[in-house]
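# Here is my input; please provide its structure:
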Amino acid sequence: MKNFFKVLLLQAPVPGAHNRLVAKPSAIPPLGLGYLASVLIQNGFDVKIIDMDIEDVGPTEIKQILFNYQPKIVGISSTSLTYKNSLRVSKIIKDVLPNCIVCLGGPHVSIE
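Presented below is the predicted three-dimensional model:
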């Protein structure tokens, strides 16, 4: 049986507007999120991926996306550079959707 849960996967934004200008031309698609999405889709989940830098998604836009999409789970990929923004995005998610499950992953979280 298919799940049809909505899952939102986010690439956390780089801090500072000047860094975003540098990040865009050298952007690499969030492959880890793509791999996760492919497995989730194969198992019946409705998945959306957003790279917050490339798509110029800030706090106002992410609130609107969350309100419209209503995911049950949000996964955020974080690097050491984007860790603090990942926490900020997590707070926004919980403010908009208090019952949503928020998972943090990526290179920063994986470092021991």
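
# in this protein, which helix has the most residues?
helix 83-96 (DSSP state H).

# Return the set of buried residues in that one.
For helix 83-96, burial by neighbour count (16 or more other CB atoms under 10 Å) applies to 83, 85-86, 88-90, 92-93. All C-beta spots, glycine's among them, are computed from the backbone N, C-alpha and C.

# nearest to residue 30, of the residues you listed?
Lowest distance from residue 30 to those (CB to CB) belongs to residue 86, with 13.0 Å.

# Would you confirm that that closest one contacts residue 104?
Yes: with contact defined as CB atoms under 8 Å, residue 86 reaches residue 104; the gap is 5.8 Å.

# Please enumerate the shared neighbours of these two.
76, 78 (CB atoms under 8 Å, 6 or more residues apart in numbering).

# that older thread, so what touches the longest helix of the chain?
Helix 83-96 is contacted by residues 10, 12-15, 52, 59, 62-63, 66-67, 74, 76, 78, 100, 102, 104, 108 when judged by CB under 8 Å, 6+ apart.

# Quick one, which of those are buried?
Among these, the ones that count as buried by 16+ other CB under 10 Å are 10, 12-14, 52, 62, 66, 74, 76, 78, 100, 102, 104, 108.

# What is the nearest of the residues you listed to residue 37?
Out of these, the member with the shortest distance to residue 37 (by CB to CB) is residue 10, at 11.6 Å.

# That closest one: what's its closest spatial neighbour, skipping adjacent residues?
What sits nearest to residue 10 in space, not counting adjacent residues and going by CB to CB, 6 or more residues apart in numbering, is residue 76, at 4.8 Å.

# so what pLDDT did that neighbour get?
Here the pLDDT value assigned to residue 76 is 96.
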